[in-house]
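Visitor: Sequence plus predicted model, see below.
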Amino acid sequence: MGNQTLVTQFILLGFLLNRRLQKLLLTLFSLFYAFTLLGNGTIVGLICLDSRLRTPMYFFLSHLAIVDIAYACNTVPQMLVNLLDPTKPISFAGCMTQTFLFLTFAHTECLLLVVMSYDRYVAICHPLRYTAIMSWRICIILVATSWILGVLLALVHLILLLPLPFCKAQEVNHFFCEIIAVLKLACSDTHINEVMVLAGAVSVLVGPFSSIVVSYAHILCAILKIQSRQGRQKAFSTCASHLCVVGLFYGTAIAMYIGPQHGDANEQKKYLLLFHSLFNPMLNPLIYSLRNKDVKCALKRMLTKEDTSREH
């Protein structure tokens with residue numbers, strides 16, 4: 001322990017590619033980042049400004065969009081900086097903050113997707129009691145609980161991470177300070193940290209995902225009992241967008257943190273996490289806007305209002 005030095009910064013290795021390819025990725029990822037902010041920002045704006053979208057379903061969707069914006073803002077700018085200048089370091093405090101925020105937003109999104117599946121379950125399986133069950137008080141409590149639990153779960157990992165001594169090479173084999181990549185640089189036993197990461201992944205991925213599967217099993221049974229074809233199509237359409245988002249988010253997350261942790265798979269997981277932190281937030285607003293008539297109508301009304309105001 002005597003030869004340890006105080007680590008004040010880390011170097012993010014990112015993607016080990018040639019300079020020309022890095023410049024191409026810088027341009028592409030910058031565009032994807034802009035689309036992510038624009039798409040999710042548009043959804044939040046529409047839900048806030050259009051009174052017809054002030055329902056529990058869109059209230060939860062607005063928080064999902066906020067989480068996606070925060071998710072992207074936490075990881076993508078540092079990745080772009082790294083592509084621009086691979087030798088530019090990130091401070092120790094900045095690295096720890098990035099790890100904490102990533103875990104916070106990941107946990108919160110997991111829980112929000114569960115809340116959204118419960119909302120769909122109540123809407124389709126108990127339509128007559130929907131307004132009584134999903135009151136605004138309950139909706140606010142569910143969203144606040146998701147955020148608070150997200151912060152607390154991330155705080156557990158941060159408290160266990162901060163006391164660790166870092167005396168090895170300061171190169172993080174990732175494009176941001178991902179917790180497993182950072183743990184590999186510690187020069188003391190990280191068994192407890194790794195167990196907590198796995199336990200946390202199981203608790204916020206497997207448990208919630210199982211509850212979503214159960215919810216949709218009940219929803220499917222209820223939809224099949226609907227007599228009219230139009231009614232079945234409407235019920236399916238309201239669930240299809242959420243199911244797509246759940247599949248993308250949980251599929252990549254489970255593969256990263258519950259799959260095998262050794263061998264060449266580690267490099268593959270870097271690209272999985274790229275999809276998880278950049279493409280998922282970008283695709284979510286596209287999925288909801290393309291599959292959702294209410295969102296498309298709200299956007300048309302907003303654009304029509306702008307055109308009318310310009311003419312006057």
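Guide: Arrived safely.
Visitor: how close does the nearest residue to residue 157 once chain neighbours are set aside sit to residue 65?
Guide: Distances taken as C-beta to C-beta, 6 or more residues apart in numbering place residue 103 nearest to residue 157, at 5.6 Å, with adjacent residues excluded. From N, CA and C alone the C-beta is placed, and that goes for glycine too. From residue 103 over to residue 65 the distance is 20 Å, taken as C-beta to C-beta, to the nearest Å.
Visitor: Over to residue 136?
Guide: Distance, residue 136 to residue 65, by C-beta to C-beta: 19 Å.
Visitor: ranges for the strands of the stretch 151-300 of the chain?
Guide: 171-172 (DSSP state E, counting those that start in this stretch).
Visitor: Confirm that residue 11 lies within a strand, as I assumed.
Guide: Yes - according to DSSP: H, G, I helix; E, B strand; the rest coil, residue 11 belongs to a strand.
Visitor: in stretch 190-206, what's buried?
Guide: 190, 193, 196, 197, 200, 201, 204, 205 (16 or more other C-beta atoms under 10 Å).
Visitor: Sorry, slip of the keys, the one I care about is stretch 284-304.
Guide: Here stretch 284-304 shows 284, 285, 287, 288, 289, 291, 292, 294, 295, 298, 299 as buried, counting by 16+ other C-beta under 10 Å.
Visitor: my guess is the fifth one meets residue 46, correct?
Guide: No - counting by C-beta atoms under 8 Å, residue 46 is not a contact partner of residue 289; they are 9.1 Å apart.
Visitor: shared neighbours of the two, anything?
Guide: 295, 299 (C-beta atoms under 8 Å, 6 or more residues apart in numbering).
Visitor: related to what we said a few turns ago, looking at residue 136 and residue 65, which one has more neighbours?
Guide: Taking neighbours as other C-beta atoms under 10 Å, residue 136 and residue 65 compare with residue 65 leading, 25 against 12.
Visitor: Surely the more buried one forms part of a strand?
Guide: No - the assignment for residue 65 is helix, going by three-state DSSP, so no strand is present there.
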